[in-house]
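**Student:** quick one: sequence and predicted model below, then my questions.
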Amino acid sequence: MARIGLVAHDDKKDELVAWAKLNRDKLALHELWGTGTSGGRVTDGTGLPVTRLLSGPLGGDAQLGAMIAEGRLDALIFFQDPLTAMPHDVDIKSLTRLATLYNILLAPNHRTADAVLSVL
Ligand SMILES: O=C(CO)COP(=O)(O)O
């Protein structure tokens, strides 16, 4: 069982839910964590239990970053929106920096997320 973080920017939330629905059976084998809104959307769309943290901009990204630093997350599925400026860009950079630093699996889009699930 892997511990997977699920996050999506607003314009990518529908895509995350659609991906989670397609991969429901595989995701059901793992422990799922998510930022507030993203986690709730995945639960609503799949019925899978997702432990919801704070909303990303309100500290949820920082909570996931701390989990990564403490060795409590194995993979981060983070559907990012490269076309929209975010007010909490510093939080996003911190989270992705920590995922890179601690060498965990990081998927910024659905094709990479497919590859991540295939190795978990
Ligand atoms: O903005 C986000 C990550 O940077 C996502 O946060 P929410 O899932 O709470 O909308």
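**Tutor:** Structure received. All figures in this text were calculated on a predicted structure; none of them were measured in a lab.
**Student:** and the residue of the chain nearest the ligand?
**Tutor:** The ligand sits closest to Gly56 of the chain, with a gap of 2.5 Å, by Cβ to the nearest ligand atom. C-betas here are computed from N, CA, C, even on glycine.
**Student:** and the residue nearest to that residue when sequence neighbours are not counted, what is it in contact with?
**Tutor:** Nearest residue to Gly56, sequence neighbours excluded (Cβ to Cβ, 6 or more residues apart in numbering): Thr35, at 4.1 Å. If a contact means Cβ atoms under 8 Å, 6 or more residues apart in numbering, then Thr35 has Leu6, Val7, Arg52, Leu53, Leu54, Ser55, Gly56, Gly60, Asp61, Leu64 as its contacts.
**Student:** there's contact between the second one and Gly34 in this structure, I believe.
**Tutor:** Spelled out, it's Val7. Yes: using Cβ atoms under 8 Å, Val7 makes contact with Gly34 at a distance of 6.4 Å.
**Student:** buried residues in the helix or strand where Arg41 lies?
**Tutor:** Per DSSP states H and E: Arg41 is located in helix 36-46. For helix 36-46, burial by neighbour count (16 or more other Cβ atoms under 10 Å) applies to Gly36, Thr37, Ser38, Gly39, Arg41, Val42, Thr43, Gly45, Thr46.
**Student:** same deal with stretch 63-81?
**Tutor:** With burial defined by 16+ other Cβ under 10 Å, the residues of stretch 63-81 counted as buried are 63-65, 67-68, 73-80.
**Student:** same deal with stretch 112-120?
**Tutor:** Buried, per 16+ other Cβ under 10 Å, within stretch 112-120: Ala113, Val116, Leu117.
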